[in-house]
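Chemist: Provided below for reference: sequence and predicted model.
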Amino acid sequence: MDIYKDTLNKVKVLIEDELYSSAELLLSYIIFQLQNKQIKKLVTYEVFSLFADCLVKKKEYKRAINYYTQAIEYIPKSGYDHKINILKKK
């Protein structure tokens, strides 16, 4: 799991440095790995979100929507439910 966290940190640096194609390439490799392993939903959510962010920066909006949609499916339910309850109380 630490390998993915380290890799995601590297991807974030690539995005900050506007090296979107490099970040996209690295993320596509991780996405391939996600299909073969059971990984925490939060990591999967972050990978798909970052990949979509790269696509937006490259003006590939239709592909980005696809990956944002996939990311939504991996939002951890407990955190999401907690946020909804906080909003309802306000």
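Modeler: Good, I have the coordinates.
Chemist: Low-confidence ranges, this protein, go.
Modeler: 1-2, 36-39, 42, 76-90 (pLDDT under 70).
Chemist: now do 80
Modeler: For the chain, applying pLDDT under 80 flags the ranges 1-5, 32-43, 75-90.
Chemist: where do the helices sit along it?
Modeler: 2-16, 20-36, 41-57, 61-73, 77-89 (DSSP state H).
Chemist: Most tightly packed of these?
Modeler: helix 41-57 (a mean of 20; mean count of other C-beta atoms under 10 Å). C-beta here means a position set from N, CA and C on the backbone, and glycine is covered the same way.
Chemist: Pull that helix out as CSV, backbone CA atoms only.
Modeler: As requested, the backbone C-alpha atoms of helix 41-57 are provided in CSV (Å, rounded to 0.1, in the frame of the first residue of the first chain):
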residue,chain,number,x,y,z
LYS,A,41,-11.3,2.4,-2.1
LEU,A,42,-9.8,5.7,-1.0
VAL,A,43,-6.6,5.0,-3.0
THR,A,44,-8.7,4.0,-6.1
TYR,A,45,-10.8,7.1,-5.7
GLU,A,46,-7.7,9.3,-5.6
VAL,A,47,-6.1,7.6,-8.6
PHE,A,48,-9.1,8.0,-10.8
SER,A,49,-9.6,11.6,-9.6
LEU,A,50,-5.9,12.5,-10.4
PHE,A,51,-6.1,10.8,-13.7
ALA,A,52,-9.2,12.8,-14.6
ASP,A,53,-7.5,16.0,-13.4
CYS,A,54,-4.7,15.4,-15.9
LEU,A,55,-7.1,14.8,-18.7
VAL,A,56,-8.9,18.1,-17.9
LYS,A,57,-5.5,20.0,-18.0
